[in-house]
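Visitor: structural data only, the sequence is not supplied:
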């Protein structure tokens, strides 16, 4: 059994980055100075992850306002509209408004991958994209396209983005589908989501992970998810360990390698090593000799920057300690 770790997604902004991005929105300050501040912070975040020995690293995405906005800004026929709460978190996102099929004007990840690859060595960079179902269901459709037609168009645009990221040097493509854990999600939408993910994965050669967070999927949705063609399935364990572990024990992993969200990214308290050890040992019964990845429950969006660094450190040290336990 081999354990490894990575942070799931973006980091919070420091005060300096918040001020720089606020100046950018207001058209104040030097554009060069603002971009330098943001780039320097992202490089520092990569350095932290590299020093902690994470298997895959991410650039921090401190300039992302929400998971959809960079792609909305990069695509034609879609715009950012009004604000809505992002699930049950204390922050909001701009609702994507589609007027026709999304048509990429440029790609989000390739310049970021190229800019930071040397800094990240020897750990490879990953690219994170919103899942097509989550993108669809959290958007407004003002086009004449039907639901499935728009969904397929979103998936196609995201597949092009993922391919471009792979060609630029990304070593892992992460597809975030938090809507898959919505307890009211229909079976038809769950099946559509799996089909859309597979349409993206089929065009890639690098490893892929579908990431679920904010809750644990219903049993029937999880059964559908076992049909995804990704290398890994990432589940939020710490928020609902009993349900998550029971689901894995009952339904298995479907040939996928597990990535477990064991570090609570929405609370500042230190995580309990003994609990995490028990969770990992339970999942190891299903994983057998396969690897297990450990990660955060979600992105570091709601805790202060200094606590995100503390949580990243805990993830690294707990992974190292657990490695010694599973070898015994």
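Guide: Arrived safely, thanks for sending. The structure displayed is predicted, hence computed values, not measured ones.

Visitor: count the residues that sit near residue 85.
Guide: Counted with other Cβ atoms under 10 Å, the neighbours of residue 85 add up to 10. (Each C-beta comes from the backbone N, C-alpha and C, glycine too.)

Visitor: so it touches residue 92, yeah?
Guide: Yes - at 5.6 Å, residue 85 and residue 92 qualify as touching, with contact defined as Cβ atoms under 8 Å.

Visitor: tell me which residues in the helix or strand hosting residue 152 are buried?
Guide: Assigned by DSSP states H and E, residue 152 belongs to helix 147-168. Buried residues in helix 147-168, counted by 16 or more other Cβ atoms under 10 Å: 150-159, 161-166, 168.

Visitor: quick one: it to chain centroid distance?
Guide: Distance, stretch centre to chain centre, for helix 147-168: 16 Å (Cα atoms, centre = their mean, to the nearest Å).

Visitor: between helix 147-168 and the top strand by length along the chain, find me the angle.
Guide: Longest strand in the chain, counting residues (DSSP state E): strand 92-104. Relative orientation of strand 92-104 and helix 147-168, computed by axes from the mean of the first three to the mean of the last three Cα atoms, to 10 degrees: 80 degrees.

Visitor: could you pull out the helices for the chain?
Guide: Along the chain, the stretches classed as helices by DSSP state H are 15-26, 31-51, 69-74, 109-120, 132-137, 147-168, 187-201, 219-225, 241-251, 273-287, 305-326.

Visitor: out of those, which one sits most buried?
Guide: A comparison of the helices of the chain by mean neighbour count, using mean count of other Cβ atoms under 10 Å, puts helix 132-137 on top with a mean of 24.

Visitor: show me what that helix is packed against.
Guide: helix 147-168, helix 187-201 (3 or more Cβ pairs under 8 Å, 6 or more residues apart in numbering; DSSP states H and E).

Visitor: between these, which one is closest to residue 139.
Guide: helix 147-168 (8.1 Å; Cβ to Cβ).

Visitor: show me the shaky parts of this structure.
Guide: 17-34, 36, 289, 327-328 (pLDDT under 70).

Visitor: could you redo the last one with a cut-off of 50?
Guide: Judged against pLDDT under 50, the chain has no low-scoring part.

Visitor: wait, residue 2 sits on residue 288?
Guide: No - Residue 2 is beyond contact range of residue 288, at 11.7 Å (criterion: Cβ under 8 Å).

Visitor: got the helices of the chain as TSV, with distance to residue 212 columns?
Guide: Converted to TSV, the helices of the chain look like this (distance: least, Cβ to Cβ, whole Å):
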stretch	distance to residue 212
helix 15-26	28
helix 31-51	22
helix 69-74	20
helix 109-120	21
helix 132-137	10
helix 147-168	17
helix 187-201	11
helix 219-225	8
helix 241-251	10
helix 273-287	15
helix 305-326	18
